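>>> Next comes the sequence, and after it the predicted model I'd like to discuss.
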Amino acid sequence: MSEKILVVEDEVKIARFIELELKYEGYEVIIAHDGRSGLEKANSEDISLIILDLMLPLMSGIEVCRRIRQAGSTIPIIMLTAKDDVSDKVMGLDMGADDYMTKPFAIEELLARIRVALKRNEADVKVEGLILTYQDLKLDDLKRRVTYKEDIIQLTKKEYELLKYLLENVNIALNRERILEKVWGYDYYGDTNVIDVYVRYLRSKIDQKYDMDMIKTVRGVGYIISNE
């Protein structure tokens, strides 16, 4: 079993208990004890599922969940809380959590919910296919490969992620702030000019090489891939 689970829990004993049980079941486990470091790990690690406490220092579980979903991630999130309050449950689900458990909980039930969430997420990925196309350009996310007809286009990680995000939003004008948050992450403190630089890289590797006009500039906004 290769699934990696992120546990964001400020109570050290509870986090350790969950970690030991998950490792016994064969999962790889990453621990964070506050919301900010939890969000950083969610953005930087290849995570299969997140167990997220509602009440956390530095950043609440609700805010962590909101930012993860705002960035476009569909990773399964199971929220934990000591509060048995309907409004907390509704708020967590509204922010994009997949499931909700109230402390204290039986570890067997948590493990069962993890299995269900992972299986459901795997089925969703298979249905979506993860292949994006534009004319003769194809991005195969399962293989992490971009091709133009028979040519394989070599892209860096950030070039690939930027192209993927643009292709996922064909005919939508994306402003620089939105692109920056999605591709570089909420905690990136650099200038939005970095987007212009990477768009130039993509244009040199794709548009100019294959005589395409794929990535268009939207004056005063940002960029768009349009098939209209």
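Thanks, I have the structure now. Numbering: from 1, shown residues only.
>>> any idea of the mean pLDDT for the helix or strand residue 67 falls within?
Per DSSP states H and E: residue 67 is located in helix 61-70. Over the span of helix 61-70, the pLDDT mean works out to 88.
>>> What helices and strands are in contact with that helix?
helix 35-44, strand 49-53, strand 77-81, helix 86-94 (3 or more Cβ pairs under 8 Å, 6 or more residues apart in numbering; DSSP states H and E). Where C-beta positions appear, they are placed from N, C-alpha and C, glycine not excepted.
>>> which secondary structure elements does the helix or strand that the last one is followed by contact?
Proceeding C-terminally, helix 86-94 gives way to strand 99-102 as the next helix or strand, assigned by DSSP H and E. If you count contacts as 3+ Cβ pairs under 8 Å, 6+ apart, strand 99-102 packs onto strand 77-81, helix 86-94, helix 107-128.
>>> In terms of mean pLDDT, which of the ones you listed ranks lowest?
Among the helices and strands packed on strand 99-102, helix 86-94 has the lowest mean pLDDT, at a mean of 65.
>>> sorry, back to before: just the buried residues of the helix holding residue 67, please?
61-62, 64-68 (16 or more other Cβ atoms under 10 Å).
>>> Dump those to TSV, plus distance to residue 49.
Output for the buried residues of helix 61-70, formatted as TSV (distance: Cβ to Cβ, whole Å):
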residue	distance to residue 49
61	15
62	18
64	14
65	13
66	18
67	17
68	12
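>>> So which of those is the closest to residue 106?
Lowest distance from residue 106 to the buried residues of helix 61-70 (Cβ to Cβ) belongs to residue 61, with 20.6 Å.
>>> Identify the residue spatially nearest to the closest one, adjacent ones excluded.
residue 54 (4.3 Å; Cβ to Cβ, 6 or more residues apart in numbering).
>>> swap in residue 81?
residue 54 (3.7 Å).
>>> still on that earlier bit, quick check: the residue nearest to residue 61 vs residue 7, distance?
In this view, residue 54 and residue 7 are 14 Å apart by Cβ to Cβ, to the nearest Å.
>>> Quickly find the element holding the residue nearest the centre of the chain.
Geometric centre of the chain, nearest residue: residue 73, 3.0 Å, by Cα atoms, centre = their mean. Using DSSP H and E, residue 73 falls within no helix or strand.
>>> Give me the distance between it and residue 108.
From residue 73 to residue 108 the distance is 28 Å (Cβ to Cβ).
>>> what does residue 221 give?
For residue 221, the distance to residue 108 (Cβ to Cβ) stands at 51 Å.
>>> neighbour count winner among those two?
Shown here are residue 221 and residue 108; by other Cβ atoms under 10 Å, residue 221 has more neighbours (12 against 9).
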